[in-house]
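Visitor: Any chance you can model this:
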Amino acid sequence: MTTPNELPDNLNTAHEVILVQSDVLTKQQEKIDTLHTSLQEALAEIRFLRSGRKREKFINANQLLLEFPEDKELQASLEAARKEAEEEVERITYTRKKQAKPKVTKRDSFPDHLPREEIEVAIPGEFQQRIDSGELVIKRHQYTETLKHIPAKLVVLRYKQPVLAFTENLEKEILVDAEANLGDKSRYHPSVAAQIVNGKFGAHLPYYRLQDIFASSGWTPNRSTLDYVTDLVHEVTQDLPKLMLEELKKSLCIGLDDTQVKLIMPKEIPDEESGGDEPQIQRLIEKMKEAKKANQDSIDAKMWGYSGFDSVAPYDVFDFRVSRHRDGPKETLVGYEGYAMADCYSGNLHVILAPDSKMTRMACWSHARRKVYECQHLDRDASTLPLALMNQLYDIERRASQRTAEARGELRKKESQPILERLKEFLDGPIVQNVLPSSNLGKAFKYLHNHWEALNVYVTDGRLPIDNNQVERLMKRIAIGRKNWLFIGSLRAGIRNASLMSLVASALRMELDVSMYLESVITHRLRGTAKLEELLPDRWRAQHPEAVREYREQERRDKADVASLQAAKRRARSQLRKKK
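Guide: Numbers count the residues shown, from 1 in each chain. Okay, the predicted model is just below:
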C-alpha cells in the first residue's frame with residue numbers, strides 16, 4: 001500500500017491509488033470473511049462432535065406442521081395419511097398385544113431339543129440317618145435346570161477303505177475311494193473348513209484367535225494351516241460367487257459402494273509383460289511404483305460391494321481392487337441394463353453415464369440428507385425446512401414398506417412427489433441463494449441441485465429403493481473385519497477374501513446358519529452331488545428350513561413394527577396439534 005510520504009500530488013493519480021487500494025481492501029475483506037466462516041464452521045463441527053450424537057436424528061418442533069394450506073391436493077393427501085396413521089397405530093398395537101407372550105414365573109426356559117443329563121443330588125449324612133431311622137421320608141423331587149457349555153468336539157474320521165485284488169493276480173489292487181474331503185490325502189472335513197471361513201469372515205476373527213478356539217477342542221493348528229484350508233475352500237467354491245454376480249446383473253436395481261483396505265506392498269514389482277492385458281495386474285504395477293516412489297510399505301486398495309435390491313437376486317457380492325479406478329465397476333457391471341444406485345464419485349458416474357452404458361443412474365437420499373444434517377448446527381434457519389421435508393419422504397417410505405411394489409409406487413406419486421416439488425422450490429428460493437456457496441451448507445445444497453434428477457428416479461417405480469443404505473451396511477462388514485485382520489497380504493489373498501466374503505454375506509442376508517450353509521456348499525462342490533445354481537443362498541434356504549435363524553427374522557419384523565408405530569404416532573400427534 002502507498003505510505004503517506006508517497007501520496008501523489010496529482011488528483012487523478014490520487015483517485016487511481018484510492019481505487020486500487022480500495023480493491024485490495026475489498027479482496028482482503030472477502031478473504032477475512034471466508035476465513036471467519038471456515039473458523040465458525042470448524043468450531044461448530046467441534047461442538048457437534050463433542051456432543052457425541054451419531055444418529056442422523058432430526059427433531060424440530062415445527063417439522064410436523066409443514067401443512068402447505070394453499071395446496072388442496074396435498075391437503076387431501078395429508079388427511080388420508082393421518083387417517084391411515086391412526087389405523088396403523090391401532091393395527092400394530094393390536095397385533096403386538098395379540099402376539100405378546102404371557103408372563104411366566106421362570107426367568108428362562110431352555111429349548112426342549114437340548115439333551116438333558118440328570119444329576120442325582122446327594123443327601124447329606126445327617127439327613128440320611130434320619131431317613132434310615134424312619135423320621136424323614138423322601139416326599140418328592142424338585143428339578144432345577146442349569147445350562148452347561150461343552151467346547152466343540154473334534155473327531156478324527158478314520159476311513160476304512162477296502163482294497164480289492166484280482167483272484168488270479170493278488171498283486172493287482174483296486175482301492176475303493178472314500179468320500180472326498182479337502183487337502184492333501186483329504187485331511188480336512190468340510191465342517192472344519194466351514195468353521196474357519198465363518199470365523200474369519202463371519203465373526204471377523206484373525207487366525208490367532210481361531211487358533212485359540214480350536215486349541216480348546218484339542219487341536220492347535222498353525223496359522224499357515226488355517227490359511228491353507230481357506231485357500232482350499234476358495235478353490236472349490238469360487239464359481240458360486242461368479243454365478244451370484246451373473247444373477248445379480250439380472251435384477252432391476254444394483255447398489256454399489258467401496259471402502260478402503262490395506263494391501264501389503266509385495267517384495268518385487270511384477271514384470272509388465274507377465275501381466276499381459278490383465279487390468280488387475282497392470283493397476284497393481286502402477287500402484288506399486290507410486291508406493292515405492294513415496295517409500296510406502298502398503299497400498300490403499302479398495303473392496304467394492306454390490307447388492308441386489310429385489311428378490312430376483314438377493315445376493316451381496318464383493319470385488320477386490322488395488323485402487324478406486326473405474327476399472328472395478330466397469331468390468332463388474334459390463335452388460336448390465338438396469339438401475340445403478342451409487343454415490344456421486346466421478347469414477348462411478350463415468351461408468352454409469354458412459355456413452356455405451358444402458359444403466360439408469362440413481363442417487364442416494366441418505367447421502368443427500370446426511371450432508372445437510374451435518375451442517376444444521378451452522379444455520380438452523382436454512383437447514384430446518386429441507387431436513388423436515390426429507391424426513392417426511394422417509395416417513396412415507398416406512399409406511400410403504402409393507403405394501404406391494406405397485407401400491408408403493410402409487411403412494412410415492414401421490415405423497416412423495418408433492419414434497420419433492422416443495423423441496424425443489426426451496427432449493428431454488430432466496431434462502432438457499434443467500435447461503436455462502438463455499439460454506440459446507442452451501443456445498444450440501446449444491447449437491448442436491450447437481451444430482452436432483454438422479455435423486456427423483458425412485459419415485460417412478462415402487463420397486464426402486466430411496467437410498468443406498470443396504471450397501472452401506474454391507475460395507476460395515478469390511479470395516480469391522482479390517483479392525484481385526486488389519487491388512488491383506490497379496491492380490492491373490494484379496495481376490496480370495498472377496499469371494500469368500502460374498503458367500504458369507506449372502507448367507508447372512510438370507511438369515512442362514514453360515515457354518516451349516518458353507519459345509520453343505522463345500523461338500524456338494526467336492527463330491528459333485530448338486531448343481532451350482534442349487535447352492536445359491538436363496539435356493540438352498542428353500543430346501544433347508546432347519547438352517548434358517550428364525551430369531552433374526554423375528555427381530556427384524558419387531559424392529560420394523562416399532563419404526564412404523566413411532567412414525568404413525570408422530571402423524572397422529574401432528575393432526576392433534578393442528579386441531580388445537
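
Visitor: can you list the weak-confidence ranges in the stretch 451-580 of the chain?
Guide: The stretch 451-580 of the chain contains residues with pLDDT under 70 at 571-580.

Visitor: can you give me the helices for it?
Guide: Counting by DSSP state H, counting those that start in this stretch, one finds helices in the stretch 451-580 of the chain at the ranges 452-455, 469-485, 491-509, 514-527, 537-543, 550-579.

Visitor: Residue 253: which of these is closest?
Guide: helix 469-485 (10.2 Å; CB to CB). All C-beta atoms are positioned from the backbone trio N, CA, C, and that covers glycine.

Visitor: now that closest one against helix 491-509, angle please.
Guide: On the basis of axes from the mean of the first three to the mean of the last three CA atoms, to 10 degrees, helix 469-485 is oriented at 130 degrees to helix 491-509.

Visitor: Quick one: distance of helix 469-485 to the chain centre.
Guide: Relative to its parent chain, helix 469-485 has a centroid offset of 6 Å by CA atoms, centre = their mean, to the nearest Å.

Visitor: In that helix, which residues are buried?
Guide: For helix 469-485, burial by neighbour count (16 or more other CB atoms under 10 Å) applies to 470, 471, 472, 474, 475, 477, 478, 481, 482, 485.

Visitor: Distance to residue 313 for those residues - can I get that in a markdown table?
Guide: A markdown table is the format used below for the buried residues of helix 469-485 (distance: CB to CB, whole Å):
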| residue | distance to residue 313 |
| --- | --- |
| 470 | 13 |
| 471 | 14 |
| 472 | 19 |
| 474 | 14 |
| 475 | 19 |
| 477 | 19 |
| 478 | 21 |
| 481 | 24 |
| 482 | 26 |
| 485 | 28 |
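
Visitor: re the thing from before, ok, which of the helices of the stretch 451-580 of the chain comes nearest residue 293?
Guide: Residue 293 lies closest to helix 491-509 among the helices of the stretch 451-580 of the chain, at 19.5 Å (CB to CB).

Visitor: Can you give the contact residues for that closest one?
Guide: Helix 491-509 is contacted from outside by 197-198, 200-202, 230-231, 233-234, 237-238, 240-241, 244, 261, 263, 266, 280-281, 284, 301, 303, 314-320, 322, 474, 477-478, 481, 488, 514, 517-518, 521, 537, using CB atoms under 8 Å, 6 or more residues apart in numbering.

Visitor: and what of stretch 138-147?
Guide: With contacts defined as CB under 8 Å, 6+ apart, stretch 138-147 is touched by 110, 116, 131.

Visitor: Repeat that for stretch 526-533.
Guide: So stretch 526-533 is contacted by 179, 180, 181, 182, 190, 236, 239, 240, 243, 523, 524, 539 (CB under 8 Å, 6+ apart).

Visitor: what about the second one, distance to residue 379?
Guide: Pointing back at residue 180 there. 66 Å (CB to CB, to the nearest Å).

Visitor: Then the fifth one?
Guide: Residue 190 is 59 Å from residue 379, where distance means CB to CB.

Visitor: One more: the third one?
Guide: For residue 181, the distance to residue 379 (CB to CB) stands at 65 Å.

Visitor: Quick one: distance of stretch 314-328 to the chain centre.
Guide: Here stretch 314-328 is found 14 Å from its chain centre; the criterion is CA atoms, centre = their mean.

Visitor: for stretch 342-353, same thing?
Guide: Centroid separation between stretch 342-353 and its chain, computed with CA atoms, centre = their mean, is 19 Å.

Visitor: cool, stretch 109-127 as well?
Guide: The answer for stretch 109-127 is 45 Å, by CA atoms, centre = their mean.

Visitor: repeat for stretch 222-233
Guide: Relative to the centre of its chain, stretch 222-233 is centred 27 Å away, using CA atoms, centre = their mean.

Visitor: And the pLDDT at residue 78?
Guide: Confidence at residue 78, expressed as pLDDT, is 56.

Visitor: Same check on residue 62?
Guide: On pLDDT, residue 62 comes in at 45.

Visitor: likewise residue 175?
Guide: Looking at residue 175, its pLDDT stands at 89.

Visitor: That one touches residue 163, doesn't it?
Guide: Yes: between residue 175 and residue 163 a contact is recorded at 5.5 Å, counting by CB atoms under 8 Å.

Visitor: returning to that earlier point: which of residue 190 and residue 379 has more neighbours?
Guide: Higher neighbour count among residue 190 and residue 379: residue 190, with 23 against 19, using other CB atoms under 10 Å.

Visitor: before we move on, back to that, go through the helices of the stretch 451-580 of the chain and name the closest to residue 226.
Guide: helix 469-485 (11.8 Å).

Visitor: so what does the closest one touch, helix or strand wise?
Guide: strand 253-264, strand 298-308, helix 491-509 (3 or more CB pairs under 8 Å, 6 or more residues apart in numbering; DSSP states H and E).

Visitor: 6 Å - rerun?
Guide: strand 253-264, strand 298-308 (3 or more CB pairs under 6 Å, 6 or more residues apart in numbering; DSSP states H and E).

Visitor: So which residues make contact with that helix?
Guide: Applying CB atoms under 6 Å, 6 or more residues apart in numbering, the contact partners of helix 469-485 are 204, 206, 255, 257, 259, 261, 303, 305, 307, 316, 366.

Visitor: Next: stretch 235-246.
Guide: For stretch 235-246, contacts defined as CB under 6 Å, 6+ apart pick out 315, 317, 499, 502, 521, 525, 526, 532, 535.

Visitor: Can you tell me which of these comes closest to residue 413?
Guide: The nearest member of these to residue 413, counting by CB to CB, is residue 315 at 30.0 Å.

Visitor: residues in contact with that closest one?
Guide: Contacts for residue 315 (CB under 6 Å, 6+ apart) come out as 244, 248, 308, 506.

Visitor: isn't the third one right up against residue 248?
Guide: This points to residue 308. Yes: contact criterion CB atoms under 6 Å: residue 308 and residue 248 qualify, at 5.0 Å.

Visitor: show me the contacts for residue 164.
Guide: residue 174.

Visitor: now the helices of the stretch 451-580 of the chain in JSON lines, with distance to residue 122?
Guide: Below are the helices of the stretch 451-580 of the chain laid out as JSON lines (distance: least, CB to CB, whole Å):
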{"stretch": "helix 452-455", "distance to residue 122": "73"}
{"stretch": "helix 469-485", "distance to residue 122": "47"}
{"stretch": "helix 491-509", "distance to residue 122": "47"}
{"stretch": "helix 514-527", "distance to residue 122": "40"}
{"stretch": "helix 537-543", "distance to residue 122": "49"}
{"stretch": "helix 550-579", "distance to residue 122": "38"}
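
Visitor: where in this structure is pLDDT low?
Guide: Along the chain, the model assigns pLDDT under 70 to residues 1-8, 14-15, 41, 44-108, 270-278, 571-580.

Visitor: What would stretch 550-564 look like as CSV? C-alpha coordinates only.
Guide: What follows is stretch 550-564, C-alpha atoms only, in CSV (Å, rounded to 0.1, in the frame of the first residue of the first chain):
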residue,chain,number,x,y,z
GLU,A,550,-35.9,-67.5,12.8
TYR,A,551,-35.0,-65.4,15.8
ARG,A,552,-33.2,-62.9,13.5
GLU,A,553,-36.2,-62.7,11.2
GLN,A,554,-38.4,-62.0,14.2
GLU,A,555,-36.1,-59.3,15.4
ARG,A,556,-36.3,-57.7,12.0
ARG,A,557,-40.1,-57.8,12.0
ASP,A,558,-40.3,-56.3,15.5
LYS,A,559,-37.9,-53.5,14.6
ALA,A,560,-39.9,-52.6,11.5
ASP,A,561,-43.1,-52.7,13.6
VAL,A,562,-41.6,-50.3,16.2
ALA,A,563,-40.4,-47.9,13.5
SER,A,564,-43.9,-48.0,11.8
